[in-house]
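Colleague: Any chance you can model this:
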Amino acid sequence: LMTIGINSRSVYAEDFEKPFLRESAEFYQRESQTFLAENSAAVYIRKVEQRLKEESDRARHYLDASTEEPILKVVEEELISRHMKTVVEMENSGVVHMLKHSHVDDLQCMYGLLQRVSGGHQTMISAVSRHLREQGRALVTGEEGSEAGKNAITFVQSLL
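Modeller: Modelled structure (predicted):
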């Protein structure tokens, strides 16, 4: 298609790239719903990471080089941007769960994916900040075990 356009991308862009990107967006919209319904946040972010790599490889090997950036933007929009709040706040597997259970690799993966989209880091920061405030409030009001509130050293260690 690139050679048909002779010194131009017009045929490729109009007849292939636009429909390809549109169909890809629809595919990833459907797939993201299935991924979210069937998986934890950790599994979801690994699948997104895998999809980004697959699309990048596919674009470099089979498509015009100029298509790589737009297809990655489609994947980022459909799999990350549209669902970042849902994934970050997933009960029993989101950021708070990852923090509580020291899943550093999952947190690192999520951080890397969220940096690819606008507002991604802020979504993660908000969830972490909210969790830390709740933990601090629970310690101060004595909800998080009575021993910490009675002993000053234990109280300070709990806060840290």
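Colleague: C-alpha from now on. contacts and neighbour counts both.
Modeller: Fine.
Colleague: Can you tell me how far residue 128 is from residue 94?
Modeller: Distance, residue 128 to residue 94, using C-alpha to C-alpha, to the nearest Å: 10 Å.
Colleague: which of the two has more neighbours?
Modeller: The residue with more neighbours, out of residue 128 and residue 94, is residue 94; 22 against 17, by other C-alpha atoms under 10 Å.
Colleague: helices or strands up against the strand or helix carrying residue 137?
Modeller: For residue 137, the element it lies in under DSSP states H and E is helix 120-141. Where contact means 3 or more C-alpha pairs under 8 Å, 6 or more residues apart in numbering; DSSP states H and E, helix 120-141 is packed against helix 84-88, helix 95-100, helix 104-114, helix 146-150, helix 152-159.
Colleague: so how far is that helix off the chain centroid?
Modeller: 19 Å (C-alpha atoms, centre = their mean, to the nearest Å).
Colleague: now stretch 44-52
Modeller: The mean C-alpha position of stretch 44-52 is separated from the chain mean by 8 Å, C-alpha atoms, centre = their mean.
Colleague: List the contacts of it.
Modeller: With contacts defined as C-alpha atoms under 8 Å, 6 or more residues apart in numbering, stretch 44-52 is touched by 35-36, 72, 75-76, 79-80, 87, 106, 109-110, 113.
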